[in-house]
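> Requesting a structural model of the entry that follows:
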Amino acid sequence: MHSSEPPLPRGLLTEDALPRYSQVASELWTEVAANGAKVGDRLPSERALATRYGVSRVTMRAALSDLAERGLVESAAARGWFVARTVAPEPLDGGPGGSPATSGHTVEGFADYAAKHGMTTRSRVLQSTVRPATIDEAETLRVGPGAQLFDMRRLRFLDDLPVVLEHNRLPLALCPALAETDFSRASLFATLRSGEPPQLPRVADYSVEARQADDTERELLEINDATPVLLAHQLAFNQNGRPLELTLAIYRGDRYRFRGSITS
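Model prediction:
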């Protein structure tokens with residue numbers, strides 16, 4: 001999870017540390033979101049966008065490809081680029097632990113899911129700190145290496161049963177209130193939504209794999225048999241298409257189910 005490479009000097013930890021195409025992709029999606037674009041809306045031509053953002057067409061194409069990889073825009077041969085995902089005004093249904101919504105329009109947190117299904121939650125905070133981002137984390141979250149991250153590990157319960165171990169990492173600059181919040185009581189996503197400005201988890205890259213629990217996981221999740229754990233890796237993006245939250249969730253395999261819809 002951590003890189004052995006040293007962070008850059010503090011004086012270099014600026015937005016300029018990001019690749020130019022990544023900066024342009026963020027600026028473009030911010031504009032798309034601010035204009036309330038809908039699925040199917042056509043973007044200006046690559047040439048027009050390159051002129052608008054003062055970059056080459058190669059850089060502009062890289063920025064568009066970056067957005068396409070996240071499912072935000074798509075290209076049609078000889079027709080140009082189009083919005084592939086609407087910025088939804090309100091959260092829609094999802095799954096426990098911040099899993100991607102089946103609608104593809106938003107991400108729902110563990111507490112949101114529990115409240116909707118009439119279950120009680122509690123959390124035991126195992127670690128909560130602010131620290132510099134590693135090289136790998138900075139690249140994934142698109143911040144400067146060494147930028148301040150809020151780093152938290154929690155054991156989370158549904159109806160007093162241990163369900164998941166979560167490791168959350170978020171750029172502190174997006175929501176400084178994270179460092180002052182008691183997450184044994186508060187909801188992470190509710191804290192993000194109430195930030196200034198609000199941070200709305202909209203979409204996520206998500207993958208799940210199974211393995212046997214290690215000794216610490218068995219103890220915390222109260223596993224006394226051969227029940228496996230499911231590792232869910234999630235990178236959530238905010239309403240502007242910017243990486244917001246990097247999470248590793250370790251679920252008891254007999255207390256978690258993921259549902260999704262596949263569309264062409």
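
> any idea how the chain splits into domains?
10-83, 96-255 (automatic domain parsing).

> Go through those and find the least confident stretch.
Note on those: lowest mean pLDDT is at domain 10-83, with a mean of 79.

> So what's the gap between that one and the chain middle?
19 Å (Cα atoms, centre = their mean, to the nearest Å).

> again, but for stretch 222-239
From the chain centre to the centre of stretch 222-239 is a distance of 15 Å (Cα atoms, centre = their mean).

> Tell me which residues of it come out buried.
By neighbour count on 16 or more other Cβ atoms under 10 Å, the buried set for stretch 222-239 is 223, 229-230, 232, 234-239. Where C-beta positions appear, they are placed from N, C-alpha and C, glycine not excepted.

> so how far does that stretch reach from one end to the other?
One end of stretch 222-239 to the other measures 37 Å (Cα to Cα, to the nearest Å).

> wait, Arg47 sits on Val58?
No: using Cβ atoms under 8 Å, Arg47 makes no contact with Val58, being 11.9 Å away.

> coming back round to it: quick check: which of the domains of the chain is buried the most?
Greatest average neighbour count among the domains of the chain goes to domain 96-255 (a mean of 18), per mean count of other Cβ atoms under 10 Å.

> where's that domain relative to the chain centroid, distance-wise?
For domain 96-255, the separation from the chain centroid amounts to 9 Å (computed by Cα atoms, centre = their mean).

> Dihedrals phi and psi, Leu172?
Main-chain torsions, Leu172, degrees, to the nearest 10: phi -60, psi -30.

> which residues does it contact?
For Leu172, the contacting residues are 130, 147-150, 178-179, by Cβ atoms under 8 Å, 6 or more residues apart in numbering.
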